[in-house]
Every structure is written in C-alpha cells, then in structure tokens.
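Q: the sequence and its predicted three-dimensional model are supplied below.
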Amino acid sequence: MPPYHMALSGKNCRTLCRIYEEPIRKDIHWSDFVRLCRALGAEFPKPGRTSGSRTRIKLKGRKAVFHRPHPQPEMKEGSVRSARDFLGNAGVTPDSEGCQC
C-alpha cells in the first residue's frame, strides 16, 4: 500500500455510504462497487478459465469472491451485506475514509 492516502471521490463516498445504510439497499450497481474497490486500492486477481461471473477481490490483506449480478446491474441484498462485511473486515467504513454521509 502506498505511504499516502488519497481521498475518495464524491461518487465513491456516496457508494460507500449507501453500502452501510440500514435497511440494506437493493439498488447499488455492481460497477459502482467495483469502482469503489479500485479507488481503495483493491486488487482483482486474474480469474481462471471457469470463473464465469465470480470476481475475486483482495483489499488490505482480505480476500473475497463476489458474484457479478446479471442480467440486471444491481447487487442483491445478500451481496450488499457481503460487500459491507468485506469492507468492514478490511477496515473500510465511511468514517475511516472521511466520507460525510
């Protein structure tokens, strides 16, 4: 991880805040979650030949596998809950990233 910390963009902060909202939202787009993870410095290891819609993500030493939703772009409630758990385990919260929710 670089020795400096870049602030998240407004769009990424909104996505992070929406992931942590209660009740769990069902309208978070997969592409927004991936963009947030990339902005946080996540790695996306190259998938195997049979990975299909599974996406592996590594962030701050934590690893997770997510199922890319299709055909609609919105993540299901369980995926949002898993994303929240993954980010929380990596120490990423709206407060830790300076987001004003």
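A: The structure has been received and is ready for your questions.
Q: secondary structure element holding the residue located most distally from the centre of the chain?
A: Residue farthest from the centre of the chain, counting by Cα atoms, centre = their mean, is Arg49 at 23.3 Å. Assigned by DSSP states H and E, Arg49 belongs to neither a helix nor a strand.
Q: per-residue confidence for it?
A: Per-residue pLDDT puts Arg49 at 73.
Q: for Pro2, same thing?
A: 43.
Q: again with Cys101
A: Note for Cys101: predicted pLDDT of 88.
Q: quick one: contacts for the residue lying closest to it once chain neighbours are set aside?
A: Nearest residue to Cys101 in three dimensions, chain neighbours excluded: Cys17, at 3.8 Å (Cβ to Cβ, 6 or more residues apart in numbering). Using the backbone N, CA and C atoms, a C-beta is placed for each residue, glycine as well. Listed by Cβ atoms under 8 Å, 6 or more residues apart in numbering, the contact set of Cys17 reads 94, 99, 101.
Q: just the buried subset of these, written out for PyMOL, thanks.
A: The PyMOL selection below is limited to those of the contacts of Cys17 classed as buried (16 or more other Cβ atoms under 10 Å):
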select buried, resi 94+99
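Q: just the contacts of Cys17 now: which is nearest Lys26?
A: Cys101 (18.2 Å; Cβ to Cβ).
Q: shouldn't the closest one be in contact with Pro94?
A: Yes - here Cys101 reaches Pro94: they are 4.9 Å apart, a contact under Cβ atoms under 8 Å.
Q: what residues are shared contacts of those two?
A: Joint contacts of Cys101 and Pro94 (Cβ under 8 Å, 6+ apart) are 13, 17, 20.
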